[in-house]
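A.B. asks: I would like the atomic coordinates for the input below:
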Amino acid sequence: MPNLSRIRVHPVKALDAVDLDAVEISSAGGLAGDRAFAIVDGDGEYVNGKRTDAVHRLDAEVDLGAGTIRLGVRESADREAFDLGGDRPPLEDWLSSYLGYGVELEAGRGGELTDSSVLGGDPPGVTVVSTATLRTVASWFPEIDVDGVRRRFRANLEVDGVDPFWEDRLVGAEGARIQLGGATLRVVEPVPRCVVPTRHPDTGEPTDGFRERFLRRREETFPDGVNRDAFDHLYSLTVLAEPTEASRGERLTVGDRVEVLADAVA
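C.D. replies: Residues are numbered from 1 along each chain as shown. Alright, predicted model coming up:
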């Protein structure tokens, strides 16, 4: 039986994830606590992994209930605690010192502070992948385990009990929707990837030939019957799904049954 096997949010854009047993869909159409904060420079531009590999070396442990973050550099044992919800200047000073230029922490609603613009500037929803897909991709790289693939591609929701690349079959199907518990998500498009998955998630060191090997194996394993025209290129993994208006405020829980509501699977 297809089921929701993992919920993962990234409270500060580009920093470490938090695994949750349950989460509410936010008023922005993302997940509560996901990309709720972003590091921005003096021009308001995001500071993320596409811009600098320095973010990979940051170890960030967020307590969503307390609204705090413990932050340090992975190779050091030192950690400092900061308040995310109140007095943020000490955190901004710490990040500015580490990065070497002035930054601030921008706050938004859950799921709001992402790079995607496919919804015409609206909040871009959540990313979905099957656990079998992550296992398959890990098999292409002997030096990377499943959790390493998971951390490189940074999806919000994982679905178990389905075949590898199950999510690809939802792309391009008119009106394709998935039901998770009491929430309905409309599948929008595949998610194109940037340089981030090619790097080790802890060090930022590039994995030699990652993109080339990924593309070759993606071509070899692309599912039959999937609408290839819906993919601009195959350096893509996970799909973007937009919760319906009625689903905002609904709660997702690990173990929820997952059902395809449109005739999207070939």
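
A.B. asks: buried residues in the helix or strand where Val149 lies?
C.D. replies: Assigned by DSSP states H and E, Val149 falls within helix 146-153. Using 16 or more other CB atoms under 10 Å as the burial criterion, the residues of helix 146-153 that qualify are Gly148, Val149, Arg150, Arg151, Arg152, Phe153. C-beta coordinates here come from the backbone N, C-alpha and C atoms, glycine included.

A.B. asks: just the closest of those to Glu92, please.
C.D. replies: Arg151 (25.4 Å; CB to CB).

A.B. asks: pretty sure the closest one is touching Ala17, no?
C.D. replies: Yes: counting by CB atoms under 8 Å, Arg151 does reach Ala17; the two are 7.2 Å apart.

A.B. asks: re earlier: from the buried residues of helix 146-153, which is closest to Asp160?
C.D. replies: Nearest to Asp160 among these is Arg150, at 12.8 Å by CB to CB.

A.B. asks: in space, what's closest to that closest one - neighbours in sequence excluded?
C.D. replies: The shortest distance from Arg150 to any non-neighbouring residue, by CB to CB, 6 or more residues apart in numbering, is to Leu134 (5.5 Å).

A.B. asks: what's the answer for Glu112, then?
C.D. replies: Ala28 (4.3 Å).

A.B. asks: what's near enough to touch the residue nearest to Arg150?
C.D. replies: Counting by CB atoms under 8 Å, 6 or more residues apart in numbering, Leu134 touches Val146, Val149, Arg150, Phe153, Glu158.

A.B. asks: what pLDDT does the model give it?
C.D. replies: Per-residue confidence (pLDDT) for Leu134: 98.

A.B. asks: buried ones in the longest strand along the chain?
C.D. replies: Longest strand in the chain, counting residues (DSSP state E): strand 183-192. For strand 183-192, burial by neighbour count (16+ other CB under 10 Å) applies to Ala183, Thr184, Leu185, Arg186, Val187, Val188, Glu189, Pro190, Val191.

A.B. asks: who's the third one bridged to?
C.D. replies: Beta bridges link Leu185 to Ile178, Pro243, judged by DSSP bridges.

A.B. asks: got a list of what it touches?
C.D. replies: Leu185 sits in contact with Gly125, Val126, Val128, Arg177, Ile178, Gln179, Ala241, Glu242, Pro243, Thr244, Ser247, where contact means CB under 8 Å, 6+ apart.

A.B. asks: name the element the third one belongs to?
C.D. replies: The reference is to Val128. Counting by DSSP H and E, Val128 is part of strand 126-130.

A.B. asks: that strand packs against which elements?
C.D. replies: strand 157-160, strand 183-192, strand 236-243 (3 or more CB pairs under 8 Å, 6 or more residues apart in numbering; DSSP states H and E).

A.B. asks: switch the cut-off to 7 Å
C.D. replies: strand 157-160, strand 236-243 (3 or more CB pairs under 7 Å, 6 or more residues apart in numbering; DSSP states H and E).

A.B. asks: sorry, back to before: which among the contacts of Leu185 end up buried?
C.D. replies: Using 16+ other CB under 10 Å, the buried ones in those are Gly125, Val126, Val128, Arg177, Ile178, Ala241, Glu242, Pro243, Ser247.

A.B. asks: the last one against Leu180, yeah?
C.D. replies: No: contact status for Ser247 versus Leu180: not in contact, 8.9 Å apart, counting by CB atoms under 7 Å.

A.B. asks: now do the shared contacts for those two.
C.D. replies: Common contact partners of Ser247 and Leu180 (CB atoms under 7 Å, 6 or more residues apart in numbering): none.

A.B. asks: relative orientation of whichever helix or strand comes after the strand holding Val128 and strand 126-130 in degrees?
C.D. replies: Sequence order places helix 131-139 as the next helix or strand after strand 126-130, per DSSP H and E. Helix 131-139 and strand 126-130 are oriented at 70 degrees to each other (axes from the mean of the first three to the mean of the last three CA atoms, to 10 degrees).

A.B. asks: brilliant, that's me finished.
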